[in-house]
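S.K.: Sequence and computational prediction follow.
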Amino acid sequence: MRLKICLTAVLLGILTPVIFASSFTRDSIKLDIYGFIRNDFYLDTYKGIGAAKEQFYLLPHFIGFDKEGNDLHKTVSTNMIPIMTRFGFKISGPEVFSAKSSAVVETDFLGLSNSLPSVLRIRLAYLKLDWEHSSLIAGQDWHPFFTLNCFAKMVGINTGAPFNPFSRTPMLRYNYTLGNIQFTGAALYELQFASVGPLGATSEYQQNAVIPELVAGIEFQKNGYRIGAMADFKTLKPRLVTDSMLVTNQTVSGINYMVYAQYAKNKLEVNAKSTYGGLLTHMVMPGGYAVTGYNAQTGQETYSPIQYYTTYLNVIYGKKFKVGGYLAYGVKAGVKNSFYNFATDGTNEVRQWGRFLNVNDMYRASVSGIYTLKNVLLMVELERTTANYGQGDMDISSGRYNEVYKATNNRLNLSVMYRF
């Protein structure tokens, strides 16, 4: 009871100044409140892999056929859900170390999993120091691969995932601007968006590897054009002990690459991005790693990343009324070393962990319209997503399948939003 009273007092203390105004200033601290209230209706023709009660739709979820050959997940479903509603605080304060200081705290109601929807969660929570030519961010912000200045603008809340990197994560990020060029360096750890491994999706693999995720990037912009590239070094420690109950320090490491480009001028905006890598599951992307070496006496495993390539093109035109289009493609590129075959009877038995590992390739196309009337946005989107699921035996030298089954979802998304 005392805890509830204390929490209520804290929330009232934070929110009271902004109940009757969108901002206030006190003792050189300025606070602005922002956000939106949003309600979504969607209709799907195929059950999906995703989050937030499938509002965050990734790919059609193929699980097999019934005894008459009917696809078990090829069925129409609908829902109406308001948990995309969001609010946040932008705080600006006095100079610190000769830099302008600011902070952001942002939350929504998307929850932590499909089993825990409507739960308030942290989206952003960081402080920022701005100097004349550089800036420093400490806290949870968008992953650099998301490229906040260049990402897919869509009605659906997946923002192009799993073709576009999607993650918010704790980090220390430094940006330096020299003329039209900006250099970026960041060290990151996982929290809500975690890598997939033997224990499922958890941040423990990176915690146990000790080494932070490291990102370096460069961006050039001029006259409405923007082009950039980034590299991401990732290390994970899948296990602490082997099957033989012996301590193991084996890790898996890989470098992920991303390039992007944008043109934005007047009413037209064009965004494009391509990503290549294997250790990308913490960004809600396809990939993972496989056992490519095994010591039967000790149970020691060695690993190789399972590489995927994804690319997309996004075009938006308009101001008060905007129309948009999105085209995306992803394909399994394979592994550097062959999978280790644990079977002894001539079949294939492998160990692998990740996202969408039984998908050979995937693609998406969508069209959208957004009408803005002051603070109100009326939005509609038609989206078609296809995943080609592997059937039969997998080629252990590449990780690909010779035969596939095509699973396709058609989604209608209707949304209304009130911004403040």
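M.R.: Structure received.
S.K.: Pull the number of nearby residues for the nearest residue to Lys153 once chain neighbours are set aside.
M.R.: In this structure, Lys153 finds its nearest non-sequential neighbour in Ile316, 5.1 Å apart by Cβ to Cβ, 6 or more residues apart in numbering. The C-beta positions use only the backbone N, C-alpha and C, and glycine is treated the same way. Other residues near Ile316 come to 20 when the count uses other Cβ atoms under 10 Å.
S.K.: Ile316 reaches Tyr263, doesn't it?
M.R.: No. With contact defined as Cβ atoms under 8 Å, Ile316 and Tyr263 do not form a contacting pair (10.9 Å).
S.K.: separation between the residue nearest to Lys153 and Gln221?
M.R.: 18 Å (Cβ to Cβ, to the nearest Å).
S.K.: ok, now Thr386?
M.R.: 34 Å.
S.K.: Any regions of the stretch 251-400 of the chain where pLDDT drops low?
M.R.: Counting by pLDDT under 70, the stretch 251-400 of the chain contains no low-confidence segment.
S.K.: try 80
M.R.: Where the stretch 251-400 of the chain drops to pLDDT under 80, the residues are 346.
S.K.: Please list all residues in contact with the closest residue to His133 other than its chain neighbours.
M.R.: Distance criterion Cβ to Cβ, 6+ apart; nearest residue to His133, sequence neighbours excluded, is Thr177 at 5.2 Å. Listed by Cβ atoms under 8 Å, 6 or more residues apart in numbering, the contact partners of Thr177 are His133, Ser134, Phe183.
S.K.: so what's Thr177 bridging to?
M.R.: For Thr177, the beta-bridge partners are Gln182 (DSSP bridges).
S.K.: Quick check: neighbours shared by Ile316 and Tyr263?
M.R.: With contacts taken as Cβ under 8 Å, 6+ apart, Ile316 and Tyr263 have Glu269, Val270 as neighbours in common.
S.K.: follow-up on the earlier one: can you give me the distance of the residue nearest to Lys153 to Gly324?
M.R.: Applying Cβ to Cβ to Ile316 and Gly324 gives a distance of 4 Å.
S.K.: intersection of neighbour lists for the two?
M.R.: If you check Ile316 and Gly324 against Cβ under 8 Å, 6+ apart, the residues they both contact are Lys153.
S.K.: So the residue nearest the centre of the chain, which state does it fall into?
M.R.: Nearest residue to the geometric centre of the chain (Cα atoms, centre = their mean): Phe166, 1.7 Å. With DSSP: H, G, I helix; E, B strand; the rest coil as the basis, Phe166 sits in coil.
S.K.: Chain neighbours aside, what residue packs nearest to it?
M.R.: Counting by Cβ to Cβ, 6+ apart, the residue nearest Phe166 is Val284, at 4.5 Å.
S.K.: And Ala52, what's its pLDDT?
M.R.: The model reports Ala52 with a pLDDT of 80.
S.K.: Could you number the chain from 4 rather than 1 from now on?
M.R.: Will do, 4 is the new start, and the previous item becomes Ala55.
S.K.: didn't it look like it was pressed against Gly114?
M.R.: Yes. The criterion here is Cβ under 8 Å, and Ala55 meets it with Gly114 at 6.6 Å.
S.K.: which of the two has more neighbours?
M.R.: Ala55 (22 against 17).
S.K.: separation between that one and Pro147?
M.R.: From Ala55 over to Pro147 the distance is 24 Å, taken as Cβ to Cβ.
S.K.: So for Lys323, what's the nearest residue that isn't a sequence neighbour?
M.R.: Thr375 (5.4 Å).
S.K.: Surely the one you found and Val419 touch.
M.R.: No. The pair Thr375 and Val419 does not pass the contact test of Cβ under 8 Å, sitting 11.7 Å apart.
S.K.: ranges for the strands of the stretch 104-253 of the chain?
M.R.: 124-133, 137-145, 171-181, 184-191, 199-200, 203-204, 216-225, 228-239 (DSSP state E, counting those that start in this stretch).
S.K.: pLDDT on the first one, on average?
M.R.: Spelled out, it's strand 124-133. The average pLDDT for strand 124-133 rounds to 96.
S.K.: Going by neighbour count, list what's buried in it.
M.R.: Judged by neighbour count (16 or more other Cβ atoms under 10 Å), strand 124-133 contains these buried residues: Arg126, Leu127, Ala128, Tyr129, Leu130, Lys131, Leu132, Asp133.
S.K.: So what touches that strand?
M.R.: Residues outside strand 124-133 that contact it (Cβ under 8 Å, 6+ apart) are 89, 91, 99-100, 102-115, 138-145, 171, 195.
S.K.: filter those residues to the buried ones?
M.R.: Buried among the contacts of strand 124-133 by 16+ other Cβ under 10 Å: 89, 91, 104-114, 138, 140, 142-145, 171, 195.
S.K.: What's the separation between the residue nearest to Lys156 and Val273?
M.R.: For Ile319, the distance to Val273 - Cβ to Cβ - is 8 Å.
S.K.: Neighbours of Thr238, how many?
M.R.: Counted with other Cβ under 10 Å, Thr238 comes out at 17.
S.K.: Beta-bridge partners for it, please?
M.R.: Under the criterion DSSP bridges, Thr238 forms beta bridges with Ser256.
S.K.: quick one on the thing from earlier: what is the nearest of the contacts of Thr180 to Ala346?
M.R.: Looking at the contacts of Thr180 and their distance to Ala346, the nearest is Phe186, at 48.9 Å (Cβ to Cβ).
S.K.: Once you drop chain neighbours, what's closest to the closest one?
M.R.: Spatial nearest neighbour of Phe186, chain neighbours left out: Tyr179 (4.8 Å); criterion: Cβ to Cβ, 6+ apart.
S.K.: same check, this time on Gly395
M.R.: Glu406 is the one closest to Gly395 (Cβ to Cβ, 6+ apart), at 5.1 Å.
S.K.: Rounded mean pLDDT for the host helix or strand of that neighbour, please.
M.R.: Counting by DSSP states H and E, the element that carries Glu406 is strand 404-422. Strand 404-422 carries an average pLDDT of 97.
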